[in-house]
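Participant: Any chance you can model this:
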Amino acid sequence: MKLCMIGSRGHCHYVFESLKEVPFVELAAVSSGCEDSPQRLLDGAARCGFTPKVYDDYREMLDREKPDLVSVDGPFDRHAEMCIEALRRNINVFCEKPIALDFASLGEIEKAHAAASAKIVSMVGLRYEPAFQHAHELVEAGAVGKVKLIGTRKSYRFGVRPDFYRNRATYGGTIPWVGSHAMDWMIYFGNSGFDTVWACEERSDNFGYGDLEVAAQCLFRMSNGIIAQASIDYLRPAAAPTHGDDRVRIAGTDGVLEVAGGRIMLIDAQGEREIPVPPPKRSLFSDFVLDVAGERPALVDAPQTFLLTRACLAARESADTGELFHFGK
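Facilitator: Numbering: from 1, shown residues only. As a prediction, the model looks like this:
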């Protein structure tokens, strides 16, 4: 299979981390897709033993190279455009999340996908982390009984960020960017779409970063009755031991399971105990490639990708308007 890569503003490293697991994939060409330098892409390619061609125009790259797969990680506000261009050429798309920054663009992606045979998924790498992957297996096996409540936390160090984070038009908002991981956990553990969401956000004391929200809360009622909550912030201290604090709490009729710091804790009728975390069984990009190759279904698919994007945009709209958002209306 031939792979091309567009941009490196987010999590393109998922590709480089698992290319060795799919040795039949050739990284043929790269493009920054904008004014950015392609050096990060070239460095990653070199570490994997590739010397790809470099294109200034990503559309020319897609037309000339005719790849089977494309990684889309360019400017956030151009994800939708790039996905549509690839799908119209029937190229399978591995895209940074969220894949669109407005409902109209998401609808255009869905139309392009429906007209093609190519697949599309977003880079929901945290569901592939070993602790979350194994926790999902435990929940699916009935470890907590019927799930009633999902609580999530996404807290990041702020650090120094590029200027495009200062503008809602180019950043998209903290709820879609950071909160997307939390909403993906809801979909993953809840096995459901969404009924309603109410959200709020806070921009003050945002270190001079214009439109950027430093904190947000989202409360969802899922279609199957599960209540799901996301706590989202950029307030993790610089001295914290890790960049992110990623947590999920799943409460069900028979127990409570929590994932934090790469560990799993379970409380049920037998008491409280830590559950050992096995080595990772799958990684995001190679899982997508194997799905495209017809070898096995990936842990994420196009309907979940569209559902996640819609949830991100709905929560952001609720936070912007202060009103409850009803899905399907």
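
Participant: quick one: what helix or strand has residue 15 in it?
Facilitator: Using DSSP states H and E, residue 15 falls within helix 13-18.

Participant: State the mean pLDDT of that helix.
Facilitator: In this model, helix 13-18 has an average pLDDT of 96.

Participant: cool, stretch 242-259 as well?
Facilitator: pLDDT averaged over stretch 242-259 gives 97.

Participant: cool, stretch 164-173 as well?
Facilitator: 98.

Participant: switch to numbering from 14
Facilitator: I'll keep to 14 as the first residue from here, and by that count the last item is stretch 177-186.

Participant: in that stretch, what counts as buried?
Facilitator: Neighbour-count burial for stretch 177-186, counted by 16 or more other CB atoms under 10 Å, picks out 178, 181, 183, 184, 185, 186. All C-beta spots, glycine's among them, are computed from the backbone N, C-alpha and C.

Participant: Any idea what residue 134 is bridged to?
Facilitator: residue 107 (DSSP bridges).

Participant: Tell me the spacing between it and residue 107.
Facilitator: As judged by CB to CB, to the nearest Å, residue 134 and residue 107 stand 6 Å apart.

Participant: could the buried residues of stretch 177-186 go into a markdown table alongside distance to residue 114 and secondary structure?
Facilitator: Converted to a markdown table, the buried residues of stretch 177-186 look like this (distance: CB to CB, whole Å; DSSP: H, G, I helix; E, B strand; the rest coil):
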| residue | distance to residue 114 | secondary structure |
| --- | --- | --- |
| 178 | 13 | helix |
| 181 | 9 | helix |
| 183 | 9 | helix |
| 184 | 9 | helix |
| 185 | 4 | coil |
| 186 | 8 | coil |
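
Participant: Put together CSV for those residues, with distance to residue 274 on each row.
Facilitator: Listed next are the buried residues of stretch 177-186 as CSV, based on distance: CB to CB, whole Å:
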residue, distance to residue 274
178, 27
181, 32
183, 33
184, 28
185, 28
186, 27
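
Participant: Which of those residues lies at the shortest distance from residue 45?
Facilitator: Nearest to residue 45 out of the buried residues of stretch 177-186 is residue 183 (CB to CB; 15.2 Å).

Participant: so what's the closest residue to the closest one other than its chain neighbours up against?
Facilitator: Using CB to CB, 6 or more residues apart in numbering and skipping the chain neighbours, the partner closest in space to residue 183 is residue 177 (4.1 Å). For residue 177, the contacting residues are 88, 89, 183, 184, by CB atoms under 8 Å, 6 or more residues apart in numbering.

Participant: Which residue, neighbours along the chain excluded, lies closest to the last one?
Facilitator: The one in question is residue 184. Spatial nearest neighbour of residue 184, excluding adjacent residues (CB to CB, 6+ apart): residue 178 at 4.8 Å.

Participant: still on that earlier bit, could you tell me which residues touch both of residue 134 and residue 107?
Facilitator: If you check residue 134 and residue 107 against CB under 8 Å, 6+ apart, the residues they both contact are residue 301.

Participant: can you map out the strands along the stretch 14-163 of the chain?
Facilitator: Secondary structure of the stretch 14-163 of the chain (DSSP state E, counting those that start in this stretch): strands at 15-19, 39-44, 66-67, 82-85, 105-108, 133-135, 160-170.

Participant: list the buried ones in the second one?
Facilitator: The neighbour-count check on strand 39-44 (16+ other CB under 10 Å) flags 40, 41, 42, 43, 44 as buried.

Participant: distance of the closest residue to residue 322 other than its chain neighbours from residue 128?
Facilitator: Excluding its sequence neighbours, the residue lying closest to residue 322 (CB to CB, 6+ apart) is residue 111, at 4.7 Å. Distance, residue 111 to residue 128, by CB to CB: 21 Å.
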